[in-house]
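Undergrad: what's the 3D shape of this:
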Amino acid sequence: MSQNYLDIARQGKNNWWRYLIGILLIAFFWLIIGGIATAISLIAVAIFQGVFTLDSALLQQQLEEFLKTRSTINYVIHNIGFIFFLVGIFLTVKLLHGRKFLSLVNPEGKISSIRFFTGFGIWFLMGVLVTGLGILLEPENIEFAFQPVQWFSLVACALILTPIQTSTEELFFRGYAIQGLSLITKQPFLLIVFSGLLFMFPHLSNPEVERGAIWLALYYFSFGVFCSLITIKDNRLELALGIHAANNLFHIFISTRDSALPVPSIWFIKQPGDPKWTLMWFLGECAIFYLIVFGLGQRKKLQSNRTAESQETEEVTSHK
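TA: Take a look at the predicted model:
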């Protein structure tokens with residue numbers, strides 16, 4: 001088995017037309033089947049709440065208003081499509097390519113929980129520190145909106161659905177897409193940029209983009225680039241899986257009114273502020289994360305290797 005993350009694509013059946021069919025199959029499960037399941041769920045909620053009507057225009061208006069509400073059931077409905085997205089990826093990798101599904105994660109085909117929680121823990125902690133600093137600087141910009149029943153039900157659902165949502169995106173954008181493109185080019189720069197663009201475009205429909213399309217587009221692009229960079233650097237996907245999960249789960253604690261994830265958070269930021277600062281803060285977090293995981297880690301590894309080499313030298317000298 002290959003020990004290089006990019007070379008995993010050469011396992012199984014990797015004809016170009018299989019990737020073309022694979023992308024179409026994944027899109028079908030995500031957008032068509034997932035969209036139908038989401039629509040059925042919305043109609044079921046409308047019937048349950050007694051607002052269902054045969055007037056299509058009125059029904060559409062009511063459903064659009066419901067999708068803007070911050071409730072656990074709305075959060076669940078928003079994540080239904082990702083379940084089918086994940087199923088599409090699974091079937092494509094297993095049946096169309098004849099590979100292990102977890103080969104999208106690393107060459108061994110096994111998830112390293114240590115690596116995942118390293119990414120999750122560091123990113124979540126940085127989120128706490130940055131948010132705490134923001135609260136200290138602008139306490140008047142934070143609204144306390146804790147609703148115990150709603151929030152605890154949200155946590156129970158989010159601990160299941162958010163990792164599914166974020167992992168699905170990582171498995172596709174960083175796993176399937178990058179590995180597939182590596183059959184054409186092995187240039188890391190091209191792979192990273194491609195993944196960043198591919199991640200950016202679907203997120204441009206998020207309501208947050210109205211704050212500043214260019215800066216938020218750059219933010220989404222940078223997020224995709226960073227996750228791709230550390231995936232190729234680490235030769236595995238777990239760090240990106242952890243970062244993405246921590247990033248989205250953080251919204252159950254503090255969020256904005258225009259967030260793409262309609263959740264009843266504990267706190268809300270009244271005015272998100274200039275989007276270019278969102279990008280700047282994010283790039284700073286990326287630099288710190290990279291330094292912690294690769295900079296300091298590599299230095300310690302190098303020092304330990306040098307220590308081991310010196311000990312071996314001393315042992316050889318003493319035996320002479």
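
Undergrad: how about the strands in this protein?
TA: Counting by DSSP state E, the chain forms strands over residues 142-144, 254-256, 267-269, given from the N-terminal end onward.

Undergrad: give me whichever of those strands is most buried.
TA: strand 254-256 (a mean of 20; mean count of other Cβ atoms under 10 Å). The C-beta positions use only the backbone N, C-alpha and C, and glycine is treated the same way.

Undergrad: centre of the chain to it, how far?
TA: Centroid separation between strand 254-256 and its chain, computed with Cα atoms, centre = their mean, to the nearest Å, is 17 Å.

Undergrad: Glu238: what's it in contact with?
TA: Residues in contact with Glu238 (Cβ atoms under 8 Å, 6 or more residues apart in numbering) are 105-106, 111-112, 115-116, 118-119.

Undergrad: kindly reformat those as CSV containing distance to Lys186, neighbour count and pLDDT.
TA: As requested, the contacts of Glu238 are arranged in CSV below (distance: Cβ to Cβ, whole Å; neighbours: other Cβ atoms under 10 Å; pLDDT from 0 to 100):
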residue, distance to Lys186, neighbour count, pLDDT
Val105, 20, 27, 95
Asn106, 18, 21, 92
Ile111, 25, 16, 92
Ser112, 24, 17, 93
Arg115, 23, 20, 95
Phe116, 26, 22, 96
Thr118, 27, 20, 96
Gly119, 25, 24, 96
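
Undergrad: looking at the strands of the chain, which is nearest to Ile80?
TA: Nearest of the strands of the chain to Ile80, taken as Cβ to Cβ: strand 254-256 at 20.0 Å.

Undergrad: who touches the closest one?
TA: Under the criterion Cβ under 8 Å, 6+ apart, residues 131, 142, 208, 261, 263, 265-269, 272 lie in contact with strand 254-256.

Undergrad: between the residues you listed, which is nearest Phe189?
TA: Glu208 (27.9 Å).

Undergrad: tell me the contacts of Val293?
TA: Counting by Cβ under 8 Å, 6+ apart, Val293 makes contact with 118-119, 122, 230, 234, 239.

Undergrad: re the thing from before, farthest-apart pair in the contacts of strand 254-256, please.
TA: Based on Cβ to Cβ, the longest span within those runs between Glu208 and Ile266 and measures 19.4 Å.

Undergrad: which strands or helices does the lengthiest helix in the chain pack on?
TA: Here the longest helix in the chain is taken by residue count, with DSSP state H as the criterion, and it is helix 113-137. Here helix 113-137 touches helix 238-249, helix 275-290, going by 3 or more Cβ pairs under 8 Å, 6 or more residues apart in numbering; DSSP states H and E.
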